[in-house]
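Novice: can't give you the sequence, but here's the structure:
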Ligand code: FPP
Ligand code: MG
Ligand code: MG
């Protein structure tokens, strides 16, 4: 509705911080190579929604008021939240002295209000989450053969696949440098795990189904496979960066776990709504092609729910909607089913759990902001 002068925008708790985000990110992405510099900064031209940095900053402020207590960093490889992964083999660096032609400059913290409750390390974490997210979009647009993003040609179209891939790698490299400079091994482990999780999620999506049959049948595994993929592809970054924000703020174990639970549930809801919008919203409103998932052969939540009551979808899923007319047929069945309502209900259930996780945080403007983000996720149209 119309803005009332007394209405408080809970997101204003971090609005000032967000104003400097793009500038700082562009600084992190400076390269002496002019073309690389241009491609790497391409997606910073049209500001995204900044969902992830906003969540990190709000969580940082909310956690600043919550109980703090020294906590033991969790043992290596055991965040206690995901299945442990085997330790990597360390390779010796064969060229340890490669010159850094464009050294990173430290962020100018004098720009910020000192009473915000947000630490410079948490601000930098917010920037790192956006860098990792943007890197994944650069690669995703190559994999998905995207034509547009944020209402402009996607980077793969504007610069070609090779440059888009390299630019994504460069963003990951710079994100890693910024992460290392936080000098917090547990936070480094969390965010490095996110990068691996994004790739694992993308792989699960390419395989697309738990069973490799020509005509898969719906089972309870169908949904859990999809949700695991969704966690890895979308919720991992949000949950682990919320957790990292609480760790940097010296939060107690309860606060750190609550931050993670909030991010995980909100992240799952966020992607469920994304998958719903792919069916319901026009390309113009989305700023990227609509109905893209079926064209890509992807069966997301609305279709999986429809499949449960329409077994004939199995054969289409099995051939990834590749036969002439498959996409239209699947779309019609989804529209006639309650798949979209069920997807929305599941997203709402996750959002409710996200809000529930916040109960240990004392009331604050930032906590209201975190709750408001849940409402926004459910209401969003792009
Ligand atoms: C967008 O999904 C893509 C992701 C959330 C992650 C993609 C991950 C990779 C490509 C793995 C590589 C990761 C890194 C960190 C380089 P979408 O295609 O469903 O959404 P869209 O409609 O916005 O394209
Ligand atoms: Mg895509
Ligand atoms: Mg994709």
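Specialist: That came through fine. From a predicted model like this one, the values you see are computed outputs, not experimental measurements. Residues are numbered from 1 along each chain as shown. Ligands and ions are numbered 1, 2, ... in the order given.
Novice: which residue ranges form the helices in the stretch 51-200 of the chain?
Specialist: Using DSSP state H, counting those that start in this stretch, the helices assigned to the stretch 51-200 of the chain run over residues 51-64, 120-143, 155-159, 161-180, 185-207.
Novice: after the helix or strand where residue 348 lies, next one along is what?
Specialist: Per DSSP states H and E, residue 348 falls inside helix 339-357. Heading C-terminal from helix 339-357, the first helix or strand you meet, by DSSP H and E, is helix 365-379.
Novice: so what's the gap between that following helix and the chain middle?
Specialist: 16 Å (C-alpha atoms, centre = their mean, to the nearest Å).
Novice: and the pLDDT at residue 214?
Specialist: What the model reports for residue 214 is a pLDDT of 61.
Novice: if we can go back for a sec, from the helices of the stretch 51-200 of the chain, which stretch is densest packed?
Specialist: Of the helices of the stretch 51-200 of the chain, the one with the most neighbours on average (mean count of other C-beta atoms under 10 Å) is helix 51-64, at a mean of 28. Using the backbone N, CA and C atoms, a C-beta is placed for each residue, glycine as well.
Novice: what helices or strands is that one leaning on?
Specialist: Judged by 3 or more C-beta pairs under 8 Å, 6 or more residues apart in numbering; DSSP states H and E, helix 51-64 is in contact with helix 12-19, helix 120-143, helix 236-248, helix 253-280, helix 365-379.
Novice: ok, now which ones touch the nearest residue to residue 188 once chain neighbours are set aside?
Specialist: Spatially, and ignoring its direct neighbours in sequence, residue 188 is nearest to residue 179 (5.3 Å; C-beta to C-beta, 6 or more residues apart in numbering). Applying C-beta atoms under 8 Å, 6 or more residues apart in numbering, we find residue 179 in contact with 128, 187-188, 191-192.
Novice: residue 231: which of the residues you listed is nearest?
Specialist: residue 191 (16.0 Å; C-beta to C-beta).
Novice: wait, doesn't the closest one sit right on residue 245?
Specialist: No. Judged on C-beta atoms under 8 Å, residue 191 makes no contact with residue 245 at a distance of 11.1 Å.
Novice: give me the common contacts of these two.
Specialist: Contacts common to residue 191 and residue 245, judged by C-beta under 8 Å, 6+ apart, are residue 125.
Novice: any idea which helix or strand comes after the lowest-mean-pLDDT helix or strand in the chain?
Specialist: Sorting the helices and strands of the chain by mean pLDDT, DSSP states H and E puts helix 283-286 at the bottom, at a mean of 66. Next in sequence after helix 283-286, counting helices and strands by DSSP H and E, comes helix 292-295.
Novice: which elements pack onto that next one?
Specialist: Under the contact definition 3+ C-beta pairs under 8 Å, 6+ apart, helix 292-295 sits against helix 253-280, helix 326-336.
Novice: what is the mean pLDDT for stretch 375-382?
Specialist: For stretch 375-382, the per-residue pLDDT averages 88.
Novice: so for that stretch, what gets flagged as buried?
Specialist: By 16 or more other C-beta atoms under 10 Å, the buried positions in stretch 375-382 come out as 376-378.
Novice: measure the nearest residue to residue 234 once chain neighbours are set aside to ligand 3 for me?
Specialist: Sequence neighbours aside, residue 271 is the residue nearest to residue 234 in space, at 3.8 Å (criterion: C-beta to C-beta, 6+ apart). Computed as C-beta to the ion, to the nearest Å, the residue 271 to ligand 3 distance reads 11 Å.
Novice: and for residue 338?
Specialist: Residue 338 is 26 Å from ligand 3, by C-beta to the ion.
Novice: then residue 254?
Specialist: Distance from residue 254 to ligand 3, by C-beta to the ion: 35 Å.
Novice: check that residue and give its pLDDT.
Specialist: pLDDT, residue 254: 94.
Novice: was I right to think it contacts residue 359?
Specialist: No. Using C-beta under 8 Å, residue 254 makes no contact with residue 359, being 10.6 Å away.
Novice: so these two - more neighbours on which side?
Specialist: Between residue 254 and residue 359, residue 254 has the larger neighbour count (other C-beta atoms under 10 Å), namely 14 against 8.
Novice: which ones are touching residue 265?
Specialist: Residue 265 touches 235, 350-351, 353-354, 357, counting by C-beta under 8 Å, 6+ apart.
Novice: taking the protein, what residue is nearest to ligand 2?
Specialist: Going by C-beta to the ion, ligand 2 is nearest to residue 144 of the chain, at 3.7 Å.
Novice: look up phi and psi at that residue.
Specialist: phi -90, psi 0 (degrees, to the nearest 10).
Novice: quick check: closest non-adjacent residue to it.
Specialist: residue 296 (6.0 Å).
Novice: neighbours around that neighbour, how many?
Specialist: Residues lying near residue 296 (other C-beta under 10 Å) number 19.
Novice: which residues does residue 261 contact?
Specialist: 239, 353-354, 357.
Novice: same thing with residue 238?
Specialist: 51-52, 55, 263-264, 266-267, 270.
Novice: need the max-distance pair from those residues.
Specialist: Checking these with C-beta to C-beta, the most distant pair is 51 and 264, at 14.5 Å.
Novice: where does the prediction get shaky in the stretch 1-150 of the chain?
Specialist: Under the criterion pLDDT under 70, the flagged ranges of the stretch 1-150 of the chain are 1-8, 10, 75-115.
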